[in-house]
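> Requesting a structural model of the entry that follows:
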Amino acid sequence: MGLRKPDWLAELQGVVALALLVVAGTIVFQLVSLLRGGPVVARVPAEALPGVDGATAGLRSGVVVGGDVEVRVADPGPGELVAYHLTGLPALLVGGAVLALLWLALRRARREDPFSAATVRRLRSIGWVGLGGGLLAQLLQVVASFELTGRVTADGAATTTVDLTRSGLLLLLGFGFFAMAEIVRRGVAMRAELETVI
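Purely as a prediction, here's the structure:
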């Protein structure tokens, strides 16, 4: 009895479906949490909190508090709740959209000819959603984080940190799908050229 030859498109489609379920569940959890209220956690740069940046209490010699400090808001107002959820929800929505489009593209590639102009369009649309939507989501998250830190600090000093790694990954994701679309487009063109020769 031999081993089953793997269908890598089917395997990837299954993994994408599982990831989509996890993201969808997380989105539902976030929305329920937004509606129910409850404590929120904000990340505030230590330098925005007088007496915290450089603090050494309870730490061994040579260790000081710095970077971002997590603060917990036990009874947040509506603005704090919305700002808190906007620091993560936009990325989840874009990730869910990318996964859903990828799942559809994989399903169609398995059922139809994967080397077609339609596949090129699907891959490009995933690239645009990942790149454009991802960067827009990150911008919205930075603005929400800025708003949230302004609401939790005593003097209303709003500040935040920007994760440039995430921007780089979003660029890689978007351009990666554009590159895959170009590879498929060239394959379509080569096949059409070969059909005219034969």
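
> What is the helix ranked longest in the chain packed up against?
Using DSSP state H to define each element, the chain has its longest helix at helix 164-197. Under the contact definition 3 or more C-beta pairs under 8 Å, 6 or more residues apart in numbering; DSSP states H and E, helix 164-197 sits against helix 117-128, helix 134-152. Bear in mind the C-beta positions are built from the backbone N, C-alpha and C, glycine included.

> Any chance of the ones you listed in CSV with mean neighbour count, mean pLDDT and distance to Gly187 as columns?
Formatted as CSV, those follow (neighbours: other C-beta atoms under 10 Å; pLDDT from 0 to 100; distance: least, C-beta to C-beta, whole Å):
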stretch, mean neighbour count, mean pLDDT, distance to Gly187
helix 117-128, 18, 95, 9
helix 134-152, 19, 91, 27
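
> who wins for proximity to Val69 among those?
helix 134-152 (10.5 Å; C-beta to C-beta).

> who touches that closest one?
40, 42-45, 48, 71, 73, 77, 79-80, 82-84, 86-88, 90-91, 93-94, 98, 156-160, 162-163, 166-167, 170, 173-174 (C-beta atoms under 8 Å, 6 or more residues apart in numbering).

> thinking again about what came up before, and the helices and strands packed on helix 164-197 as a markdown table, adding distance to Met190?
Converted to a markdown table, those look like this (distance: least, C-beta to C-beta, whole Å):
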| stretch | distance to Met190 |
| --- | --- |
| helix 117-128 | 13 |
| helix 134-152 | 31 |
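
> thinking again about what came up before, sort out which residues of the longest helix of the chain are buried, please.
Within helix 164-197, the residues that qualify as buried are 170, 173-174, 177-178, 180-181, 184-185, 188, counting by 16 or more other C-beta atoms under 10 Å.

> what sits against the residue nearest the centre of the chain?
For the chain, Ala91 is the residue whose C-alpha lies nearest the centre (C-alpha atoms, centre = their mean; 3.8 Å). By C-beta under 8 Å, 6+ apart, Ala91 lies in contact with 134, 137-138, 141, 166.

> which pair in those residues spans the largest distance?
Once C-beta to C-beta is applied, the contacts of Ala91 give Gly134 and Gln141 as the farthest pair, at 10.4 Å.

> Look at Val69 and give its secondary structure.
Secondary structure state of Val69, per DSSP: H, G, I helix; E, B strand; the rest coil, is strand.

> no wait, Val44
On the basis of three-state DSSP, Val44 is classed as strand.

> Give me the distance between the nearest residue to it once chain neighbours are set aside and Ala83.
Leaving aside its chain neighbours, Val44 sits nearest to Thr149 (5.1 Å; criterion: C-beta to C-beta, 6 or more residues apart in numbering). Remark: distance between Thr149 and Ala83 (C-beta to C-beta, to the nearest Å) = 9 Å.

> quick one: low-confidence ranges for the protein?
The chain contains residues with pLDDT under 70 at 1-2.
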